[in-house]
Every structure is written in structure tokens, then in C-alpha cells.
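Could you work out the structure for the sequence below:
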Amino acid sequence: MISLKSPRDIEGMRRAGRIAAEARSIAGRMIRPGVTTLEIDQAVRAYIEEQGATPSFLNYNGYPGSACISVNDVVIHGIPGPLVLQEGDIVSVDVGAYIGGFHGDCAATFPCGQVSEEAARLIAVTEQSFWEGMKFARPRCRVSDISHAIQSYVEAQGFSIVRDFVGHGVGKKLHEAPEVPNFGNPGHGPRLMAGMTLAVEPMVNTGAWQVKVMPDGWTVRTTDGALAAHYENSILITTEEPEILTRVEE
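Model prediction:
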């Protein structure tokens, strides 16, 4: 069942979203050659806990980190550890924060030093595909209208969209109904209504869209070793423009 959030619920989600968004920004500022993914994870956890929140991902179904940190051909769910970042890497950071009964969930891909032209374009296209989807995140549209807009934009840029993992509702639970695919034909799925909160998260590859889960049960890589990027925000459907819940206070 899809939950519609009350004004009080929405305030709680804004609070969780701001913490998650700032944690994402902190991680992004740390990404440079010589830093380990574990160091980034520790900084994310420290900030979230300093705010009185809990990392949403920590121990979620046994996940060992506070953030998912995915490098180069890792699409999502990269486990933080001793990996040292190198010049030219691209690094996807996915973070969640839980406070006051609600989750905020967001992700972005960052360059490590100077990256290739293809890598830079991948990062830009992945983020822009999210905003293309947001044009349809309004009442009377359907979930798959967002999906179709994302896929159409990504494929027009010569990249591919991951199909094995999708976005989702978010709120009192980290993953709620409905699923929000990043591909598909328009006009399908639940009709969007004010009060719905969704985590929309395009995952884009420079090569084929197929991915594989590694033996650790978490790390997801492209099957062909191509680069991957990830961008995500938690959003609120309103009577007009969608509101980004995972944004840093200005």
C-alpha cells in the first residue's frame, strides 16, 4: 500500500532528508586520491550520528557500512573498506539517515581528481536524467512517466539504464511502495498523488545495462566492466512542482 504523508510526516521527512543530503555533500568533499572508502564511510556515520540520527543502511539486512560507496564499474552497494581512491576514479556515494521515525535517502557520483571526458559526461547525464524524470513527478502523471523520461534521456545520450534495480517509495520504511523503475513505457503504474514520497534513483552505465551481484552478496558491478554512475533524491509529490527533500539548507 502506498502511504500518503501528512504535513507532520513531511516535516519529519524534510528533517531526515537534510541530514542525508549533508552527509552526501560531506562524502563528496572528501573524494580525492589517497582517501579510502572506509574513511569516507566513517565521516558519513559520524555526521549522521552527531545530528541525533542513525545511518539507514547500517546493518540493514546485514549491510556492514553506513554508506554504499561504489567505484568505477560498481553500480551500487559497494562496501566501504581499505580501497584507496585513485586519480581518475568515479565514486558513487549512497546515504540514508533515519530520525524521528522517517528516512531520507540520496546518492550522487563524484569525480576523483581529473577524470576522462566520458566519465565526466556519464556523471552529468546521470544527474540530468533525474531532472528529466522530475518533469513528470506531479499529480495525474503515473510512475512510469518518470521512468520513461529517464530512460529516453539516457539512451539518447548513448548510455544504458540499469534494469535490475529500481527506485522506491520512502518514509517510515527505507523501502516502501511503489517501485519506481528507471525504464519502461509511459502511462503505467500508480497515478501520482500529492503526499507521495519517492526515492528516484537513475543508475546509468557507459556500456551494456546488465549487471551482476558479486559473491559478497552486495556489490553490484557492470557485467562488461564499463563505468557506472548513480544519482538519487527523495522527493515529495505536491499539487504543483515536486519538492526535493534531500537538499542541504542554504
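
And for Leu58, the neighbour number?
18 (other Cβ atoms under 10 Å). In this view, the C-beta of every residue, glycine as well, is placed from N, C-alpha and C.

Gly81 versus the residue nearest to it when sequence neighbours are not counted, what's the distance?
Closest residue in space to Leu58, ignoring its immediate chain neighbours: Ser66 at 4.8 Å, by Cβ to Cβ, 6 or more residues apart in numbering. Distance from Ser66 to Gly81, counting by Cβ to Cβ, to the nearest Å: 13 Å.

try Gly88
Taking Cβ to Cβ, one finds Gly88 at 20 Å from Gly81.

now swap in Val74 and tell me
Distance from Val74 to Gly81, by Cβ to Cβ: 12 Å.

Compare the two (neighbour count), which wins?
Neighbour totals were compared for Val74 and Gly81, and Val74 leads with 25 against 12 (other Cβ under 10 Å).

Got the confidence number for that one?
Here the pLDDT value assigned to Val74 is 99.

My read is that it contacts Leu227, right?
No. Using Cβ atoms under 8 Å, Val74 is not in contact with Leu227, being 9.7 Å away.

Contact partners for Thr54?
48, 97-99 (Cβ atoms under 8 Å, 6 or more residues apart in numbering).

and which of those is nearest to Gly62?
Gly62 has its nearest neighbour among these in Tyr98, at 16.7 Å by Cβ to Cβ.

and the gap between the closest one and Glu50?
14 Å.

Of those two, give the one with the bigger neighbour count.
Neighbours were counted for Tyr98 and for Glu50 using other Cβ under 10 Å; Tyr98 has more, 23 against 9.

mind checking the SS state of that one?
State at Tyr98, reduced to three classes by DSSP: H, G, I helix; E, B strand; the rest coil: strand.

Give the bridge partners for it, please.
In this entry, Tyr98 is beta-bridged to Thr54, His103, by DSSP bridges.

what number of residues lie near His175?
15.

what's the answer for Pro178, then?
Pro178: 18 surrounding residues under other Cβ under 10 Å.

Is it within a helix or a strand, and which one?
If you go by DSSP states H and E, Pro178 is part of strand 176-180.

Run through who's touching that strand.
With Cβ under 8 Å, 6+ apart, strand 176-180 has contacts from 1-3, 143, 146-147, 166-170, 189-190, 198-201.

tell me the average confidence for the following helix or strand past that strand?
The helix or strand immediately downstream of strand 176-180 is strand 197-200, counting by DSSP H and E. Strand 197-200 carries an average pLDDT of 98.

From the contact counts, what lies against strand 197-200?
helix 117-134, strand 167-169, strand 176-180, strand 233-236 (3 or more Cβ pairs under 8 Å, 6 or more residues apart in numbering; DSSP states H and E).
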